[in-house]
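Asker: My questions are about this predicted structure, shown below with the sequence.
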Amino acid sequence: MSIDPHSFASTLQSLRSQRRLSKSALARMVGVTTTCVWNWEEGNTEPRDDNLLALSKALDVPAAYLQFGAREPEMGECDPAKLPNALHEVIASAKVQIAKIAGIDPSKVKVSLDY
């Protein structure tokens, strides 16, 4: 996964604050320790893909919003080297959303992409 740690950290801090969540409350929602959330907000570490998706669900924003900062990049703005990771995040986020609507586990959702 490719995350700008400073952009991610500030976006995470801002969203958590806007939702009036403590670090420990967000940690419980995501299933990690408070120290883990603290490290993400300080830019010391990056979340794994599953934690990024859990954060996006807890904060009710697309994973790409957390990953890329204030806005999602336009396709023409993506560095080709980062495109596979960006696609992975979009597909993973879509799987979670589809599973939520269908009332099934995300691991049961299969997405096919032709391009």
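Answerer: Yes, it's here. Residues are numbered from 1 along each chain as shown.

Asker: Any stretches of this structure with poor pLDDT?
Answerer: The chain contains residues with pLDDT under 70 at 1-6, 68-86, 88, 113-115.

Asker: ok, V37 to S107 distance?
Answerer: 25 Å (CB to CB, to the nearest Å). Yep, even glycine has a C-beta here, placed from its N, CA and C like the rest.

Asker: For stretch 44-62, buried residues please.
Answerer: Neighbour counts using 16 or more other CB atoms under 10 Å place 46-47, 51-59, 62 of stretch 44-62 among the buried residues.

Asker: So which of those residues sit within helices?
Answerer: Using DSSP state H, the subset of the buried residues of stretch 44-62 located in helices is 51-59.

Asker: And the residues you listed, which is closest to A9?
Answerer: L55 (12.1 Å; CB to CB).

Asker: Show the contacting residues for that closest one.
Answerer: 12, 26, 30, 47, 63, 66 (CB atoms under 8 Å, 6 or more residues apart in numbering).

Asker: How far off centre is the host helix or strand of the first one?
Answerer: Assigned by DSSP states H and E, L12 falls within helix 5-18. Relative to the centre of its chain, helix 5-18 is centred 11 Å away, using CA atoms, centre = their mean, to the nearest Å.

Asker: How about stretch 47-55?
Answerer: 5 Å.

Asker: With adjacent residues omitted, what lies nearest to L21?
Answerer: With sequence-adjacent residues excluded and distances taken as CB to CB, 6 or more residues apart in numbering, L21 is closest to M29, at 7.6 Å.

Asker: Looks like that neighbour contacts D60 (just checking).
Answerer: No: contact criterion CB atoms under 8 Å: M29 and D60 do not qualify, at 10.8 Å.
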